[in-house]
Each structure stands twice: as structure tokens, then as C-alpha cells.
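In: missing the sequence, but the structure's below:
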């Protein structure tokens, strides 16, 4: 079955500390992988995506993610968290073919403490 | 920067009523989608639309739901007879052939 697992429901990080949000997926075809961020009352904003090539991808707001095929993982990282990063983060997987469904994880809520 | 716009931002309706949620996708997008997020749960795929027809739909998208693109710009989701469990945030999204989706800010539907 196709699925995305985000094991951490809620994470609290001190401002300036590093962050890693975990994502594991199960997908039958070659996966396209995404991280989206959702601030309260807002829509889903794309942080970064992996389609092919270099397994370390850079995104907006200083985020990066690494695709590890052997571990079926696509973890999101940021070296130094800012208070404005507090939001909900969703990992998603889809197929190369447009028009097919993105499968989302349940999300990880990030809180940033001062 | 172009964006996906959705209306209304919040709609409250009585159970059994029809609801239409509207979306204006980015003009060069070819694929259109509806997703929903029940409060506290994950984002779920409802339907995708391409070339004026449904290309894929989930089991959530039953006969109570319909989509159309009546005028080449708006993309609508109709729920014919709302149920309590239809209460959710509904997201419209659009994309091209790359598979990357651009989401709107959502329409919150509350069914009483």
C-alpha cells in the first residue's frame, strides 16, 4: 500500500538549534517527494521537491532534504531554526505522471521556543 | 507571483444543503485537484481533473461530489447534499506536467 509516515506528531526546538523532521514512504513506483509547510490559517506552501538526480535537495527558507532510497526516507533538515518556522510540515509522495494523487503524511507540528 | 485563489474562505451550511467551492487556478496550469483536510487529520486526495474530465478520483469522491471547469478559468467542487463528516478544509491545487502542485489557501466548510 502507498503511504507516508511522519513518526513525530509534535516537535519543539529551541530557536537557533538544528531541526530534522522524519519522513518514510512506501510507494510502488519511482517516487516524487515533496515537503510542504502550512502556517495557521494558510494553505500549503511547497518547501522543496525531489524528482531525480542529486539526492540532497535545497528548498526555500534554508531547508534541505535528503532522499535515501535504501531507507525509503526523505528527511527534512534546517541547520538553524527561526521562530517563524513554527508551522505544520507535511511530507508527500507522488508519481511522475501528472494528474495522479499526492499521498500526504499526517504532518509534524513544529514549535520553536526562545 | 501568480497564486491559486479559493472562495469562500469559510462557509457554514446545514446538513443536506448543496455547497459549491470555487477555485481560480494559475493560468498556465493544466491539471487541477481538490484535496481535503479534516481537522487534525492528514491532507487527503479527492480528485484530479485534466482536459475537462476527471483523471483520477479517490474513494472519498463519491456520487455526492462533482467537479467542473465551466468557463475555462474557475474550477469548482460541488457537494450535492452535505453531511456532518464533510466538514473540513478543502484545498484546490493546480500543476503542469511536472507533478509539482500549487495549493490555494483553502475553503473551510462547516456542516451543522
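Out: Everything's here; your move. In this text, all values refer to a predicted model and were calculated from it rather than measured experimentally.

In: Please enumerate the strands of chain A.
Out: A:3-5, A:10-14, A:19-21, A:24-26, A:32-38, A:44-50, A:56-58, A:64-68, A:73-78, A:87-94, A:103-104, A:108-113 (DSSP state E).

In: Check residue B:1 and give its pLDDT.
Out: Here the pLDDT value assigned to residue B:1 is 65.

In: For residue A:11, give me its contacts.
Out: A:19, A:21, A:108-111 (C-beta atoms under 8 Å, 6 or more residues apart in numbering or on different chains). No exception for glycine: its C-beta is placed from N, CA and C like everyone else's.

In: go on, residue B:5?
Out: The neighbours of residue B:5, taking C-beta under 8 Å, 6+ apart as the test, are B:23-24, B:104-105.

In: if you set the cut-off to 10 Å instead, what comes out?
Out: B:22-26, B:74, B:92, B:104-105 (C-beta atoms under 10 Å, 6 or more residues apart in numbering or on different chains).

In: just residue A:100 next, same as before
Out: Going by C-beta under 10 Å, 6+ apart, the list of residues near residue A:100 reads A:29, A:32, A:94, B:31, B:33, B:45, B:48, B:55-56, B:99.

In: Likewise for residue B:106?
Out: Neighbours of residue B:106 in contact, by C-beta under 10 Å, 6+ apart: A:38, A:41-44, B:4, B:6, B:9-10, B:21, B:35-37, B:43, B:88-92.

In: where's residue B:100 relative to chain A, distance?
Out: As judged by C-beta to the nearest C-beta, to the nearest Å, residue B:100 and chain A stand 6 Å apart.

In: ok, how many other residues are close to that residue?
Out: If you count neighbours by other C-beta atoms under 10 Å in any protein chain shown, residue B:100 ends up with 17.

In: what's the pLDDT at the closest residue to residue A:42 other than its chain neighbours?
Out: Take residue A:42 and drop its neighbours on the chain: the residue closest to it by C-beta to C-beta, 6 or more residues apart in numbering or on different chains is residue B:105, 5.9 Å away. Residue B:105 carries a pLDDT value of 91.

In: what about residue B:105, distance to residue B:58?
Out: From residue B:105 over to residue B:58 the distance is 22 Å, taken as C-beta to C-beta, to the nearest Å.

In: Show the residue spans covered by the helices in chain B.
Out: For chain B, no helices are identified by DSSP state H.

In: rewinding a little: would you show me how to pick out the buried ones of the contacts of residue B:106 in ChimeraX?
Out: In ChimeraX syntax, the buried subset of those is picked out as below (16 or more other C-beta atoms under 10 Å in any protein chain shown):
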select /A:38,43,44 /B:4,6,21,35,36,37,43,88,89,90,91,92
